[in-house]
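Novice: next one to model:
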Amino acid sequence: MVLKNAYTVLGEESAPKIQFYHEIVSPRAETAGGDGFGKMHTQAYYELSFFISGKRRIKVGEKIYDFKAGEIFLVAPNAAHGGALSHEALDRYRLHIWPGAFDLFPNKNGLMALFDRIKYVGNRIALSEDSQKLVYHYLSNIDNSIKLGDPETKNISALADIIKLLVLLCELSQGKERGIAPKNRLLLNILSFIETSYDSVTVSEIETHFSLSHATLWRLFQKELDLSPTAYILDIRLKKAKIMLSENFSVQTVSDQCGFGDCSYFIRQFKKAYGITPYKYKA
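Specialist: Coordinates of the predicted model:
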């Protein structure tokens, strides 16, 4: 199964300038050539992929890369590339940026330098732990804006975080590691805590673990993410549920292991978020 939740952030569906994907790939959906790689292909846009979980071997020209969680893959238009099969599900965020989108920015040279980096140091950006958290934070914000944001403003919110992400990556490509303010570091640590214990974590456990009052935690999430802690935990659980469903786990098992408890509640929330029941998605 290949699930691509494609969303056009900038431009029209028929002529996009920037698209965002949350993609989950099951190996069963792919076919490989004699060397284990899928069909080599080119595209008209710049691609940026951030790997959330799973591993991926990608061939660009004659060069082969092994990607793991927390790394970024960059490829320019017309560069032939293809992915190899793996034995586990792959979960990643993707941005597709058409060259014309750069003309909208006051100075596009910095952005072009990010992707021109490919010519000099390859198609991979390895990130420090702090930078991984920041990149995931921006991409998660984009995802949340698209899925949960106000229809009138969600594209603006998503585009704002895309710009922040590109600025961060431009800095990293120039060897500038950004320091994280204490408040932002706290938020990123909380998000990492949720990521590693999403199946059972509660808001009260977060408050206790980080010595925060209920009001302080909620203000932090509302100000920085425009979400409540409860909504954020639910979003993480639903994303993990999609991965398990793509691996053919039963709906009941997914509900239990992702922390929903009540299967009927899980089904309602999944359909509300993705417009399809877990049973239909799994099928």
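
Novice: how about the helices in the stretch 101-250 of the chain?
Specialist: Assigned helices in the stretch 101-250 of the chain, in chain order: 109-116, 118-121, 129-148, 154-173, 182-196, 203-209, 214-225, 229-246 (criterion: DSSP state H, counting those that start in this stretch).

Novice: and those helices: which comes nearest residue 69?
Specialist: Residue 69 lies closest, by CB to CB, to one member of the helices of the stretch 101-250 of the chain: helix 129-148, at 8.4 Å. (C-beta placed from N, C-alpha, C; glycine too.)

Novice: and the helix or strand hosting residue 264, how far from the chain's centre?
Specialist: According to DSSP states H and E, residue 264 maps onto helix 263-274. Shown here is helix 263-274, whose average C-alpha point lies 21 Å from the average C-alpha point of the whole chain (CA atoms, centre = their mean, to the nearest Å).

Novice: could you tell me the least trusted of the helices of the stretch 101-250 of the chain?
Specialist: Between the helices of the stretch 101-250 of the chain, the one with the least mean pLDDT is helix 118-121; it has a mean of 54.

Novice: on that earlier part again, may I see the helices of the stretch 101-250 of the chain organised as a markdown table, with mean neighbour count and distance to residue 80 added?
Specialist: Converted to a markdown table, these look like this (neighbours: other CB atoms under 10 Å; distance: least, CB to CB, whole Å):
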| stretch | mean neighbour count | distance to residue 80 |
| --- | --- | --- |
| helix 109-116 | 16 | 16 |
| helix 118-121 | 10 | 13 |
| helix 129-148 | 20 | 26 |
| helix 154-173 | 18 | 23 |
| helix 182-196 | 16 | 34 |
| helix 203-209 | 14 | 46 |
| helix 214-225 | 15 | 38 |
| helix 229-246 | 20 | 27 |
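
Novice: go through those helices and name the closest to residue 92.
Specialist: When those are ranked by proximity to residue 92 (CB to CB), helix 129-148 comes first, at 9.4 Å.

Novice: ok, residues contacting that closest one?
Specialist: By CB atoms under 8 Å, 6 or more residues apart in numbering, the residues outside helix 129-148 that reach it are 7, 9, 20, 22, 50, 52, 70, 72, 93, 127, 154, 157-158, 161-162, 164-165, 168-169, 172, 177-178, 180, 185, 187-188, 191-192, 225-227, 231-232, 235, 273.

Novice: give me the angle between it and helix 154-173.
Specialist: Per axes from the mean of the first three to the mean of the last three CA atoms, to 10 degrees, the angle that helix 129-148 makes with helix 154-173 is 170 degrees.

Novice: stretch 74-82: which residues count as buried?
Specialist: Buried residues in stretch 74-82, defined by neighbour count with 16 or more other CB atoms under 10 Å: 74, 75, 76, 79, 81, 82.

Novice: what does stretch 276-283 give?
Specialist: Judged by neighbour count (16+ other CB under 10 Å), stretch 276-283 contains these buried residues: 278, 281, 282.

Novice: residues in contact with residue 161?
Specialist: In this structure, residue 161 makes contact with 138, 139, 141, 142, 145, judged by CB under 8 Å, 6+ apart.

Novice: same question for residue 46.
Specialist: Listed by CB under 8 Å, 6+ apart, the contact partners of residue 46 are 74, 75, 76, 77, 95, 96, 97, 98, 99, 115.

Novice: as a markdown table, the residues you listed with distance to residue 46 would be great.
Specialist: Supplementary listing: the contacts of residue 46 in a markdown table, determined by distance: CB to CB, whole Å:
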| residue | distance to residue 46 |
| --- | --- |
| 74 | 7 |
| 75 | 7 |
| 76 | 6 |
| 77 | 6 |
| 95 | 8 |
| 96 | 7 |
| 97 | 5 |
| 98 | 8 |
| 99 | 7 |
| 115 | 5 |
